[in-house]
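Asks: following is a predicted model, sequence given first.
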Amino acid sequence: MLAARLYGPRDIQVERVPHPGNPGPGAVLLRVTATGICGSDLHTYADARIGDTVLKSPLVLGHEFAGVVEVVGGGVENLKPGTRVAVDPAHPCHHCDLCAGGHPNLCRRLHFCGLYPDDGSLREFMVVPAHTCFPVPDAVDDEAAAMLEPLGVALHAIDLAKIRLCDRVAVIGAGPIGLLLVQAAKLAGAAEIFVRDPLPGRLMLAAKLGAKPLAVRAEVDVAIEAAWGGEAIERAVDLTRPGGRVVLVGIPSEDRCSFTHSSARRKGLTIVFSRRMKHTYPRAIRLVESGKVDVRSLITHRFPLEKTAEAFALNSSYKDNVVKIIIKP
């Protein structure tokens, strides 16, 4: 089968690799139908690492994905061949103290599709645990099903933000996660949502979704950073009112974050780091199926698997008004 493998910084090669074969007990074989490129994929693509996770051998990227069940392994009763599914890319151990405490996203032995050393979904077929597969209704097509993973990340961040009715919310960064945060914050009861992003096209899309450009002297109840950290974190702290809440979603390239301590301390801010998601897929499916969240308007480009290298090069350049790229085998 075909797979797109990252060999080093900006070095993606599409090549033939062995088919994964039939699944074992509790697993299913999927035919991958759609994969979205995520900002975290771009980190690994650009630097051959993300945070302290370093690429040490060729890796198949991709963790925002959907597929069709081809074969079910022993003991799998809730899925059958032909079932269309969205897939949670996280594989927690379900046994550590954090898993037992209801925080599988913080699992001490977590494996994650597309994060070294675990191959992801930029290939034609893959075997995944059956419990990570969520059947999707006909109203949610394959591309929208792949978008359920970033929507889940946004929903988890909104849960942490604890937005109250009529709160003023700022979203720093209008990439795919930021645009999903805008929609989720509105549903959570925010009265006004402000967005900051250097790309005019993304600001226009945010405006269509109900957000306003961020004023220089704005003050908000909640600020959510979704812009690769850096200066965006300082900006989020500056914007937030005394007693307010800051949620950090972005992943800094330099694996460091900083802000003015006196500003955050004197305001008594609550600063929370958001780690992926937990227990969000059922809600995400309902939100997309009902039309309450629009994921399709974020998809600006589509590429075949054979042109994965071109897709990543475009996405990393932020040209052609790119927002979300979907790759389809």
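Replies: Cool, the structure landed.
Asks: quick check: the gap between Cys307 and Trp228.
Replies: Quick fix: residue 307 reads Lys, not Cys. 25 Å (Cβ to Cβ, to the nearest Å). C-beta here means a position set from N, CA and C on the backbone, and glycine is covered the same way.
Asks: which of the two has more neighbours?
Replies: Neighbours around Lys307 and Trp228, counted as other Cβ atoms under 10 Å, are more numerous at Trp228. The numbers are 20 against 15.
Asks: phi, psi of the more buried one?
Replies: phi 60, psi 30 (degrees, to the nearest 10).
Asks: over to Asn105?
Replies: The phi/psi pair for Asn105 (degrees, to the nearest 10) is phi -70, psi -20.
Asks: tally of neighbours for it?
Replies: Asn105 - counted by other Cβ under 10 Å - has 21 other residues nearby.
Asks: isn't Ala211 right up against Asp197?
Replies: No: the pair Ala211 / Asp197 is not scored as a contact, 9.9 Å apart, by Cβ atoms under 8 Å.
Asks: what about the two, which has more around it?
Replies: Each of Ala211 and Asp197 has its neighbours counted (other Cβ under 10 Å); Ala211 has more, 28 against 23.
Asks: from the chain's centre, how far out does stretch 280-300 sit?
Replies: Taking Cα atoms, centre = their mean, to the nearest Å, one finds the center of stretch 280-300 at 13 Å from the center of the full chain.
Asks: in this protein, which spans are helices?
Replies: 39-47, 97-100, 142-146, 148-161, 176-188, 200-208, 231-239, 261-267, 281-290, 308-317 (DSSP state H).
Asks: which among those helices is found nearest to Ile299?
Replies: Ile299 lies closest to helix 142-146 among the helices of the chain, at 5.9 Å (Cβ to Cβ).
Asks: which helices and strands sit right next to the closest one?
Replies: strand 27-36, strand 64-72, strand 84-87, strand 324-328 (3 or more Cβ pairs under 8 Å, 6 or more residues apart in numbering; DSSP states H and E).
Asks: let's have those in a markdown table, adding mean neighbour count.
Replies: Shown next, in a markdown table, are those (neighbours: other Cβ atoms under 10 Å):
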| stretch | mean neighbour count |
| --- | --- |
| strand 27-36 | 24 |
| strand 64-72 | 23 |
| strand 84-87 | 24 |
| strand 324-328 | 23 |
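Asks: give the contact list for Lys56.
Replies: When contacts are counted by Cβ atoms under 8 Å, 6 or more residues apart in numbering, Lys56 is found next to Tyr116, Pro117.
Asks: can you do 7 Å?
Replies: Residues near Lys56 by Cβ atoms under 7 Å, 6 or more residues apart in numbering: Tyr116.
Asks: ramachandran angles for it?
Replies: Backbone torsions of Lys56, given as degrees, to the nearest 10, read phi -120, psi -10.
Asks: and it, how close does it get to Pro9?
Replies: 13 Å.
Asks: now swap in Glu234 and tell me
Replies: The gap separating Glu234 from Pro9 is 28 Å, by Cβ to Cβ.
Asks: tell me how far the ends of stretch 58-73 are from each other?
Replies: 28 Å (Cα to Cα, to the nearest Å).
Asks: er, stretch 260-277 I mean
Replies: OK, stretch 260-277 end separation, Cα to Cα: 28 Å.
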